[in-house]
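Asker: The sequence and its predicted three-dimensional model are supplied below.
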Amino acid sequence: MEQEKQPRFIRPAETARRVGVCPMTLWRWEAAGIFPKRFKLNATAGLYGAAAHDAAEVDAWFESRRASRETA
């Protein structure tokens, strides 16, 4: 029987480390629409509540960057 894939979430600091940029650059990329946006883990936590990225979206972003290298 095939196991169902569970969503994986990574916190923004870990995402920045994986991508190799500072957290502020990551935030700017999100605001510009060139990187997947983070989402709130607790919608009622207010402005400073915990947030995360969907690991599958980050992986897809990496793949799109790799593909752009091949077409350039």
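Answerer: Perfect, I can see it now.
Asker: What are the buried residues along the longest strand along the chain?
Answerer: Longest strand in the chain, counting residues (DSSP state E): strand 51-54. Buried residues in strand 51-54, counted by 16 or more other CB atoms under 10 Å: 51, 52, 53, 54. C-beta here means a position set from N, CA and C on the backbone, and glycine is covered the same way.
Asker: Could you do stretch 16-27 as well?
Answerer: In stretch 16-27, counting by 16+ other CB under 10 Å, buried: 16, 19, 26, 27.
Asker: same thing with stretch 35-46?
Answerer: Neighbour-count burial for stretch 35-46 [16+ other CB under 10 Å]: 35, 36, 38.
Asker: residues in contact with the second one?
Answerer: The neighbourhood of residue 36, defined by CB atoms under 8 Å, 6 or more residues apart in numbering, consists of 30, 53, 54, 57, 58, 60, 61.
Asker: Which stretches in the chain count as helices?
Answerer: 12-19, 23-32, 55-71 (DSSP state H).
Asker: Buried deepest among those, which one?
Answerer: Of all the helices of the chain, helix 12-19 has the most neighbours on average by mean count of other CB atoms under 10 Å, namely a mean of 16.
Asker: which strands and helices sit next to it?
Answerer: Secondary-structure packing of helix 12-19 (3 or more CB pairs under 8 Å, 6 or more residues apart in numbering; DSSP states H and E): helix 23-32, strand 51-54, helix 55-71.
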